[in-house]
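>>> Pasting a predicted model and its sequence here:
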Amino acid sequence: MSVILARLHERQAPGAQMVHIFAAEQDSPDGMRKAYCGFTAHYSWLKSVSGLAGMPCELCLLDAPLKVAETSAEVIELPTEIDMAGPLFAIGLRGERVWHEVPSDPIVGDYESRSVVLTVCGCMGWLMPGDPYLDWSRCRECDETR
């Protein structure tokens, strides 16, 4: 499903930078568009953005349908116990085929009875023991942060 990220034009609401998520397939005869959160506006009042340029609408983020990227991994067996002394890496909670770096002093928590960690780039990921998967991409943000 395709979506459009948009916010109100500056002339319509000075200072309002909330980015809403709209289904791209909307075809309303009166030109009104409805975001996943319920916010409605005429298309001429909206400015499309290429990313979350401003504050994202949390309700839109919660209600928008989630489609995992086509590059997502098959089901991965997540370990229940992690040896923190060995090498560590993290994978995204959604199963993207991208690995993240784990900081030297990681912040670790439990989620769904598995270990999660705050990665170098600031993402939350499943904590994994050992070396990263060779056929997976390294997170660009982790690389830039180092």
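Looks like it arrived, so ask away.
>>> can we go C-alpha only for contacts and neighbour counts from here?
Will do.
>>> Check what contacts stretch 122-129 and list those residues.
Residues from elsewhere that reach stretch 122-129 (Cα atoms under 8 Å, 6 or more residues apart in numbering): 78-79, 82-84, 86-93, 100, 114-119.
>>> And it, what's buried?
If you call a residue buried by 16 or more other Cα atoms under 10 Å, then stretch 122-129 has these buried ones: Cys123, Met124, Gly125, Trp126, Leu127, Met128, Pro129.
>>> where exactly do the helices run in the chain?
58-63, 140-145 (DSSP state H).
>>> Would you map out the domains in the protein?
Domains of the chain are assigned by automatic domain parsing as 3-63, 88-145.
>>> Single out the most deeply packed of the ones you listed.
Looking across these with neighbours counted as mean count of other Cα atoms under 10 Å, the highest average goes to domain 88-145: a mean of 17.
>>> so for that domain, what's the average pLDDT?
Computed over domain 88-145, the mean pLDDT rounds to 88.
>>> give the contact list for Phe89.
By Cα under 8 Å, 6+ apart, the contact list for Phe89 reads Trp99, His100, Glu101, Val102, Leu127, Met128, Pro129, Gly130, Asp131, Pro132.
>>> Just the ones in strands from those residues, please.
If you go by DSSP state E, the contacts of Phe89 have Trp99, His100, Leu127, Met128, Pro129 in strands.
>>> Out of those residues, which comes closest to Val19?
For the ones in strands among the contacts of Phe89, the closest approach to Val19 (Cα to Cα) belongs to His100, at 27.0 Å.
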